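Student: Got a predicted structure here, sequence first:
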Amino acid sequence: MGVAVSNWRLANTVASHGQLGVISGTGIDNVLIRRLQDGDVGGHTRRALEHFPFPEVAKDLLRRYFLPDGRPPGKAYARLPLVTHVDGSPLKRAVTVAANFVEVFLAKEGHDGVVGINLLTKIQLPNLASLYGAMLAKVDYVLMGAGIPREIPQALDKLSQHLPASMRVDLIGKHEDGPLLTTLDPAEWDGASLGALQRPSFLPIISTHALANVMLKRATGSIEGFVVEYPIAGGHNAPPRGGGSLDERGQPVYGERDEVDLEAMRALSVPFWLAGGTASPERLRAAHEAGAAGVQVGTAFAYCDESGLAPDLKRSVIDEALAGTIDVLTDARASPTGYPFKVVELAGTHAEEASYQARTRVCDLGYLREAFVKPDGKVGFRCASEPVADYVAKGGDEADTVGRKCLCNALMANIGLPQIQKGAEVEQPLLTSGDDMDVIRRILSDGRTSYTAKDVLDYLLGNHGARA
């Protein structure tokens, strides 16, 4: 769920009530240092860092980023260096490992439930460090979508033994030295001295039974199950198979080829969970009857008290959902990845065209940049939402920049950590949710105006006591 919307508080609550609590690992390195710069309210980050197995790294992070009294008004957040080569800087690697450790550690604290981490395959460069950090905190499950994560099982095997792990990096253009790889070697921090780590279960997020079959045949190691995500789920969606057309609002049109054959999924004889429009007791029951192990729920939890969304955004969405006026658009252009992206049509956010057009284009987080081969044969990085002239100068097509929005900065703004850019320009949010926003009204059918993660679980499980 975005950047730190499904944060440690939410995952901790869900896991402590007997379900799989999942934290988002996307962008968590910058989330960590921004929390520290805001004074680490409650001391949770520092408490987790006290348990980080590489104490010198923790001390360095606190020295660099912790501000006991928080940032002065109007001061921009210090940034991590942008990646300029596939393995990044030692500082960025260390922060990424520590940040994922912290989030998982806090999610697992105080109970014996199970916790997972969700990462995007498309954001390739930080994923190995993210996985290693989460494994240092004994994460139980790894969930990955937005791509085909064939190499992840082997990476989990190697990292559990503190061995170097590599992944192929998608590259535009031909690289004379062969496939472009990114590598993480735990020896950088003497990881082997800790002893073997728990190897988490791996659940790829897929949109078709055919992809599940391919993953089982071609993955580099064991797969313990799948999350089958329908196109009405929030965040990034798989594009329609065969390209498809757009409706009158510019949304991708999904057809019969995009339907999941649940009988074929059952025939694979591995557990699977259904995601996207599954947040009701009836749909949970139907999922079980179809052979699924359960359901994955995002939108209902995104607006609960424990989620990381900024309170004012949460309030606005709940009010509109209760009034029946909330709307979600599947934007075919918003994401620099080229994947369809669900956008909540909420006033005061970049869902409004005027807000989007008023923003000065800047790329200072860079998670969604793509690697390309420069004319001199070296590897560079570009993003379709960066300044247009910069993108074109790097060989990009100007047409690819139209409608592209900076999801990195917007998703940080969603959780109350907006960057202050030059000229005191404050980054604005852009919310994402699944199509089923009526779930909020169903949970609050008794007249309340807010709810907790436990309320969501009680709603889902109240009729039959099954596991979600």
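Tutor: That came in fine, so what should we check first? Numbers count the residues shown, from 1 in each chain.

Student: Where does Trp273 fall, secondary structure wise?
Tutor: strand 272-275 (DSSP states H and E).

Student: Give the next helix or strand downstream of that strand.
Tutor: Next element after strand 272-275 (DSSP H and E): helix 281-289.

Student: Identify all contacting residues around whichever helix or strand comes after that following helix.
Tutor: Next along the chain after helix 281-289, taking DSSP H and E as the criterion, comes strand 294-296. With contact meaning CB atoms under 8 Å, 6 or more residues apart in numbering, strand 294-296 is reached by 22, 227, 229, 273-275, 278-279, 283-284, 287-288, 460, 466-468. C-beta here means a position set from N, CA and C on the backbone, and glycine is covered the same way.

Student: So which of those wins on neighbours?
Tutor: Neighbour counts for these peak at Thr278, which has 30 neighbours (criterion: other CB atoms under 10 Å).

Student: Excluding residues flanking it in the chain, which one is nearest that one?
Tutor: Nearest residue to Thr278, sequence neighbours excluded (CB to CB, 6 or more residues apart in numbering): Val295, at 3.8 Å.

Student: What's the separation between the one you found and Gln154?
Tutor: Separation of Val295 from Gln154 (CB to CB, to the nearest Å): 29 Å.

Student: So which of those two has more stuff around it?
Tutor: Ranked by neighbour count (other CB under 10 Å), Val295 and Gln154 place Val295 first, with 25 against 16.

Student: give me the beta-bridge partners of the more buried one?
Tutor: Leu274 (DSSP bridges).

Student: quick one on the thing from earlier: ok, now how distant is the residue nearest to Thr278 from Tyr459?
Tutor: Going from Val295 to Tyr459 by CB to CB gives 12 Å.

Student: next one: Pro240
Tutor: 31 Å.

Student: With Gly294 instead?
Tutor: Gly294 is 15 Å from Tyr459, by CB to CB.

Student: again with Gly243
Tutor: 38 Å.

Student: Have a look at the two and say which one is more surrounded.
Tutor: Tyr459 (20 against 7).

Student: Show me what the worst-scoring helix or strand of the chain on mean pLDDT is packed against.
Tutor: Sorting the helices and strands of the chain by mean pLDDT, DSSP states H and E puts helix 209-218 at the bottom, at a mean of 86. When contacts are defined as 3 or more CB pairs under 8 Å, 6 or more residues apart in numbering; DSSP states H and E, helix 209-218 packs onto strand 201-206, strand 226-229, helix 262-267.

Student: go with 7 Å
Tutor: strand 201-206, helix 262-267 (3 or more CB pairs under 7 Å, 6 or more residues apart in numbering; DSSP states H and E).

Student: Residues contacting that helix, please?
Tutor: Contact partners of helix 209-218, identified using CB atoms under 7 Å, 6 or more residues apart in numbering, comprise Ile148, Arg150, Pro204, Ile206, Ile223, Phe226, Val260, Asp261, Ala264, Met265, Leu268.

Student: go again using 8 Å as the cut-off
Tutor: 148-150, 204, 206, 223, 226, 228, 260-262, 264-265, 268, 270, 272.

Student: Could you do stretch 30-47 as well?
Tutor: By CB under 8 Å, 6+ apart, the list of residues contacting stretch 30-47 from outside reads 3-4, 8, 61-62, 64-71, 77-80, 95, 98-99, 102-103, 106, 365, 412, 415, 417.

Student: What's the mean pLDDT across that stretch?
Tutor: In this model, stretch 30-47 has an average pLDDT of 98.

Student: got it, and stretch 55-74?
Tutor: Stretch 55-74 shows a mean pLDDT of 97.

Student: Over to stretch 458-468?
Tutor: Across stretch 458-468, pLDDT averages out at 65.

Student: Let the chain start at 481 from now.
Tutor: With the count now opening at 481, the last piece we talked about shows up as stretch 938-948.

Student: Which residues are in contact with the residue nearest to Ser687 when sequence neighbours are not counted?
Tutor: The shortest distance from Ser687 to any non-neighbouring residue, by CB to CB, 6+ apart, is to Ala718 (3.8 Å). For Ala718, the contact set (CB under 8 Å, 6+ apart) comprises Ser687, Thr688, Glu709, Pro711, Asp738, Tyr819, Pro820.

Student: give me the low-pLDDT residue ranges for the protein?
Tutor: Residue ranges of the chain with pLDDT under 70: 481, 943-948.

Student: can you do 50?
Tutor: Within the chain, the segments meeting pLDDT under 50 span 943-948.

Student: In it, spot the helix with the most residues.
Tutor: Longest helix of the chain, by residue count under DSSP state H: helix 570-588.

Student: Point out the other helices and strands that it packs with.
Tutor: helix 488-496, strand 501-504, helix 508-517, helix 524-529, helix 535-545, strand 595-600, helix 607-616.

Student: For Thr493, give its distance to Asp870.
Tutor: Counting by CB to CB, the gap from Thr493 to Asp870 is 42 Å.

Student: again, but for Val823
Tutor: 24 Å.
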